[in-house]
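Enquirer: pasting the structure only:
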Ligand SMILES: C[S@@+](CC[C@H](N)C(=O)[O-])C[C@H]1O[C@@H](n2cnc3c(N)ncnc32)[C@H](O)[C@@H]1O
């Protein structure tokens, strides 16, 4: 049961994110998720049926060796009816991953996850990310994504005045190269704890010419 102790200790360090993931899953009807750079944050499985975790850190790989015990624990604590489905890949998330496309990608303090793994997102799927490493900024600058909501420290999801995010006090432009090289989210005038982007549908409708 060392893995459970480790998870409980981790949760007390990072805070329990079950409420956050649960609210997002409910609002966007999320049934499947990919969590690259998850470390041992298995709380998405409490509220989402089908989650694939990816992390290449040896501590995370060791933790997930107990996957059948983890599944038993999740099945006794989850907030949905069906049996959970948990997968773990102990690899670099930049590598090709063999999975079906998911409803949501989770990006928390683990680099440019939204860029590296957006090909695994369904059309209209969502990226839940923070800007700790600049992943939200890169999504904001990425034409494939559109900002649809923000989440504050009280886990309130808001779609109001989204134009005020990713704006500097002095009106200067975002320096994408700097974000990529420093892996740090810039300090904007208004910031949220988390951002929700939607992947724009890849289907293009062309008006036939007359
Ligand atoms: C700071 S921890 C954050 C863990 C978790 N997302 C959280 O918020 O509690 C970053 C994790 O991302 C993983 N990571 C970073 N880059 C990665 C990559 N390219 N492939 C797989 N895992 C990666 C690290 O191994 C580490 O476990």
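Expert: Looks like it arrived, so ask away. Just so we're clear, the structure is a prediction, and the values are computed from it rather than from any experiment.

Enquirer: ok, which residues in this protein are in contact with the ligand?
Expert: Residues of the chain that fall close to the ligand, judged by CB under 6 Å from any ligand atom: 14, 37-39, 41, 54-57, 60, 92-94, 108-111. Backbone N, C-alpha and C define where each C-beta goes, glycine included.

Enquirer: Narrow those residues to those in helices?
Expert: Per DSSP state H, helices hold the following members of these: 14, 60.

Enquirer: thought residue 42 was touching residue 7?
Expert: Yes. With contact defined as CB atoms under 8 Å, residue 42 counts as touching residue 7 (6.5 Å).

Enquirer: quick one: buried residues of stretch 11-24?
Expert: For stretch 11-24, the neighbour count (16 or more other CB atoms under 10 Å) marks 11, 17, 18, 20, 21, 22, 24 as buried.

Enquirer: how about the second one, what does it touch?
Expert: Right, residue 17. Applying CB atoms under 8 Å, 6 or more residues apart in numbering, one finds that residue 17 lies in contact with 41, 43, 44, 108.

Enquirer: Swap in 7 Å and give it another go.
Expert: With contacts defined as CB atoms under 7 Å, 6 or more residues apart in numbering, residue 17 is in contact with 41, 43.

Enquirer: Check the last one too.
Expert: The contact partners of residue 24, by CB under 7 Å, 6+ apart, come to 30, 128, 196.

Enquirer: Within its sheet, name the partner strands of the longest strand anywhere in the chain and how each one runs.
Expert: Within the chain, and with DSSP state E defining each element, the longest strand by residue count is strand 121-129. If you go by DSSP bridges, strand 121-129 pairs up with strand 102-107 (parallel), strand 194-199 (antiparallel).

Enquirer: I'd like to know which elements the helix or strand hosting residue 6 is packed against.
Expert: Remark: residue 6 resides in helix 2-14, with elements defined by DSSP states H and E. For helix 2-14, the elements it packs on are helix 67-77, judged by 3 or more CB pairs under 7 Å, 6 or more residues apart in numbering; DSSP states H and E.

Enquirer: What mean pLDDT does the helix it packs on get?
Expert: Averaging the model's pLDDT scores along helix 67-77 yields 97.

Enquirer: Stretch 180-188 now?
Expert: Stretch 180-188 carries an average pLDDT of 98.

Enquirer: okay, how far is it across it, tip to tip?
Expert: Using CA to CA, to the nearest Å, one end of stretch 180-188 lies 16 Å from the other.

Enquirer: and the residue positioned nearest the centre of the chain, what pLDDT?
Expert: Centrality entry for the chain: nearest residue to the mean C-alpha point is residue 106, 1.2 Å, by CA atoms, centre = their mean. In this prediction, residue 106 carries a pLDDT score of 98.

Enquirer: Was I right to think it contacts residue 35?
Expert: Yes. Applying CB atoms under 7 Å as the test, residue 106 and residue 35 come out as touching, 4.3 Å apart.

Enquirer: any common contacting residues for these two?
Expert: Common neighbours of residue 106 and residue 35 (CB under 7 Å, 6+ apart) are residue 44.

Enquirer: Give me the more crowded residue out of residue 42 and residue 7.
Expert: Remark: of residue 42 and residue 7, residue 42 carries more neighbours, 26 against 18, as counted by other CB atoms under 10 Å.
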